[in-house]
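[1] dropping the sequence and predicted coords here.
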Amino acid sequence: METLQALSLALGAAWTSGINLYATVAALGIAGRAEMIQLPEQLEVLMDPIVIGMACIMYVIEFFADKVPYFDSAWDLLHTFIRVPAGAILAARALGPMNPALELAAILAGGTVALAAHATKATTRLAINVSPEPFSNWAASVGEDISVLGALWLVFHHPIIMLLLIATFLALAIWLIPKMFGLAKRGFQALRARLRKKEEVPGPNTT
C-alpha cells in the first residue's frame, strides 16, 4: 500500500472510529472480504467472519441506541473507552510494521483524531437532546453513518482529499472546543431539569 493511502487509511479509520467504530470495522471487513478494497496485512483480521459478524451485531444495537435522546449520550460516554483506543490501534496497524517510536507516534496520532471525532459527536448529541422533538437525533445518527461510509470511500479513492478533510476537521475542532463546552453544559442542564421534573411528579398513591 502506498504511503499516502496508508496514512489516509490510518487517520481516516481513526476518525470514523470516533464516530461509529462498529460501522468502520464492518465496512472495512466486508469490503476487504469482497475484494472491493485491499487492506494492509495488519488489518486483514477485520475480514474474519467472526469480527465482521460481531461488528454487524454491535452496529445494529448502536443503530437503535443512537436514536434515543439522552440514552445516546450515555452510550457515547461508555464508548469513550472503546472508540478512542480502537481508533488508535487501527491507525497503527494501517501503517504496517514500523519501529517502536513510530508505532507509538501512530497510536498517539490515531487516538487524538479518534478522541476529537468522538468528543465532537458526543457534545453535539448532548446539545441536540435539548430539542424537544426526536427527529434531530435520527437525522444526526443517519448523517453520521453516511459520513463514515463516505469517508472510507474517500480513503481508498481520494486519499489526499481525506487527509485535507481531517486536517480541516482538527482545525475546526480546536476552534470549537470552548463553544462545545457551552453546548455540553446546556445539555447537562436540560438533562438535570428533566430528571428533577420527573422526581417532582407525584405518584398515583400520593395524597
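    It's in.
[2] what about the residue lying closest to A92 once chain neighbours are set aside, how many residues nearby?
    Leaving aside its chain neighbours, A92 sits nearest to A106 (4.3 Å; criterion: CB to CB, 6 or more residues apart in numbering). C-beta coordinates here come from the backbone N, C-alpha and C atoms, glycine included. Applying the criterion other CB atoms under 10 Å, we find 24 residues in the vicinity of A106.
[3] N137 is in contact with R125, isn't it?
    Yes - counting by CB atoms under 8 Å, a contact exists between N137 and R125, whose distance comes to 7.5 Å.
[4] okay, and the common contacts of the two?
    Counting by CB atoms under 8 Å, 6 or more residues apart in numbering, the contacts common to N137 and R125 are D72.
[5] who has more neighbours out of these two?
    Of the pair N137 and R125, R125 is the one with more neighbours under other CB under 10 Å, namely 24 against 20.
[6] contact partners for the more buried one?
    Counting by CB under 8 Å, 6+ apart, R125 makes contact with 72-73, 76, 137, 140.
[7] so which of the residues you listed is the most crowded?
    D72 (23 neighbours).
[8] so that residue: helix, strand or coil?
    Per DSSP: H, G, I helix; E, B strand; the rest coil, the secondary structure class of D72 is helix.
[9] about what we covered before: can you list the contacts of R125 in CSV and add pLDDT and distance to L21?
    Written out in CSV, the entries for the contacts of R125 read as follows (pLDDT from 0 to 100; distance: CB to CB, whole Å):
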residue, pLDDT, distance to L21
D72, 88, 15
S73, 83, 17
D76, 91, 11
N137, 80, 19
A140, 88, 17
